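>>> Okay, here's the prediction I keep looking at, along with the sequence it came from:
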Amino acid sequence: KAGVTQTPRYLIKTRGQQVTLSCSPISGHRSVSWYQQTPGQGLQFLFEYFSETQRNKGNFPGRFSGRQFSNSRSEMNVSTLELGDSALYLCASSPQGTGTGNTIYFGEGSWLTVV
Amino acid sequence: AQSVSQHNHHVILSEAASLELGCNYSYGGTVNLFWYVQYPGQHLQLLLKYFSGDPLVKGIKGFEAEFIKSKFSFNLRKPSVQWSDTAEYFCAVNSDERGGADGLTFGKGTHLIIQP
């Protein structure tokens, strides 16, 4: 069974640009969540989607957005990039979402560098 | 808001030593608890999880953790570490409030180095 797949793995963007990251969950999983990992702040919850609906959003500005498609694939978008957005963005999937007793599986992440 | 505290940011042990990594959380309601490991160059992997039942949970690779509700703690243990246990370890909590829709709250992580 394929794991959580994230694309692209590495990218460099310029301040002010926008970026879209993609995540394909494990087959059969309906929940996708996104996390940001930085050396200073550690792992922080961005948002979670279940059946195309955002269940909750972490404490991030409106520049961070996401969506989920009918096949459970998800994208996250960051607009007007800032230097501080440089981070590893992790996608995680589970059958029914956090808090349900399911194991949450993480992808390898997308490394974003903003210059 | 819930928070997670991992007491040791860096731990260095010799092979065969016993390991205990501390984790405390700050939420008074029902919680789900996890330990994840991130080996160098690899993605986060689940070591073990606690949702209910026996507070002593066993995970992969000989790891175990004990949930002590009165102390808001979920410490990770291993009786004898190996060089291959060198990795970053993260404790995470998810509250049962709102059906767990608040995502996982992670600790800052503990960087474990095992010396051969």
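Looks like it came in fine.

>>> Every contact and neighbour count from this point should use C-alpha atoms.
Fine.

>>> What about residue B:22, how many residues nearby?
17 (other CA atoms under 10 Å in any protein chain shown).

>>> That one touches residue B:6, doesn't it?
Yes - at 5.7 Å, residue B:22 counts as touching residue B:6 under the criterion of CA atoms under 8 Å.

>>> residues in chain A within reach of chain B, list them.
For chain A, the residues in contact with chain B (CA under 8 Å from any CA of the partner chain) are A:33, A:41-45, A:47-48, A:55-58, A:97-101, A:103-109.

>>> what about burial for these, which qualify?
For the residues of chain A next to chain B, a burial check counting by 16 or more other CA atoms under 10 Å in any protein chain shown picks out A:33, A:42-45, A:47-48, A:55-57, A:97-101, A:103-109.

>>> Report how many residues lie close to residue B:73.
20.

>>> Could you give the bridge partners of the residue nearest to it when sequence neighbours are not counted?
With sequence-adjacent residues excluded and distances taken as CA to CA, 6 or more residues apart in numbering or on different chains, residue B:73 is closest to residue B:24, at 4.4 Å. For residue B:24, the beta-bridge partners are residue B:5, residue B:73 (DSSP bridges).

>>> got the residue ranges for the strands in chain B?
Using DSSP state E, the strands found in chain B span residues B:4-5, B:10-14, B:19-21, B:24-25, B:31-38, B:45-50, B:56-58, B:64-68, B:73-78, B:87-95, B:105-106, B:110-115.

>>> Throw those strands into JSON lines and include mean pLDDT, thanks.
Putting the strands of chain B into JSON lines (pLDDT from 0 to 100) gives the following:
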{"stretch": "strand B:4-5", "mean pLDDT": "94"}
{"stretch": "strand B:10-14", "mean pLDDT": "97"}
{"stretch": "strand B:19-21", "mean pLDDT": "97"}
{"stretch": "strand B:24-25", "mean pLDDT": "95"}
{"stretch": "strand B:31-38", "mean pLDDT": "93"}
{"stretch": "strand B:45-50", "mean pLDDT": "94"}
{"stretch": "strand B:56-58", "mean pLDDT": "97"}
{"stretch": "strand B:64-68", "mean pLDDT": "96"}
{"stretch": "strand B:73-78", "mean pLDDT": "97"}
{"stretch": "strand B:87-95", "mean pLDDT": "93"}
{"stretch": "strand B:105-106", "mean pLDDT": "92"}
{"stretch": "strand B:110-115", "mean pLDDT": "96"}
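
>>> Name the stretch among these that sits most buried.
Compared across the strands of chain B, strand B:87-95 shows the largest average neighbour count, a mean of 25 (mean count of other CA atoms under 10 Å in any protein chain shown).

>>> Need the contact partners of it.
A:98-99, B:2-4, B:6, B:23, B:25, B:27, B:29-40, B:100, B:102-113 (CA atoms under 8 Å, 6 or more residues apart in numbering or on different chains).

>>> Just the C-alpha atoms of stretch A:26-41, please, in PDB.
Output in PDB follows, covering the C-alpha atoms of stretch A:26-41 (Å, rounded to 0.1, in the frame of the first residue of the first chain):
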ATOM      1  CA  ILE A  26      -3.200   6.600   1.600                       C
ATOM      2  CA  SER A  27      -5.800   4.900  -0.400                       C
ATOM      3  CA  GLY A  28      -9.100   4.700   1.500                       C
ATOM      4  CA  HIS A  29      -8.200   7.500   3.900                       C
ATOM      5  CA  ARG A  30     -10.700  10.400   4.000                       C
ATOM      6  CA  SER A  31      -8.900  12.700   6.300                       C
ATOM      7  CA  VAL A  32      -5.900  14.900   5.400                       C
ATOM      8  CA  SER A  33      -4.200  17.300   7.700                       C
ATOM      9  CA  TRP A  34      -1.300  19.600   7.300                       C
ATOM     10  CA  TYR A  35       1.500  20.600   9.600                       C
ATOM     11  CA  GLN A  36       4.400  23.100   9.500                       C
ATOM     12  CA  GLN A  37       7.700  22.100  10.900                       C
ATOM     13  CA  THR A  38      10.400  24.700  11.700                       C
ATOM     14  CA  PRO A  39      13.500  24.600  14.000                       C
ATOM     15  CA  GLY A  40      12.100  27.400  16.100                       C
ATOM     16  CA  GLN A  41       8.400  26.500  16.500                       C
END
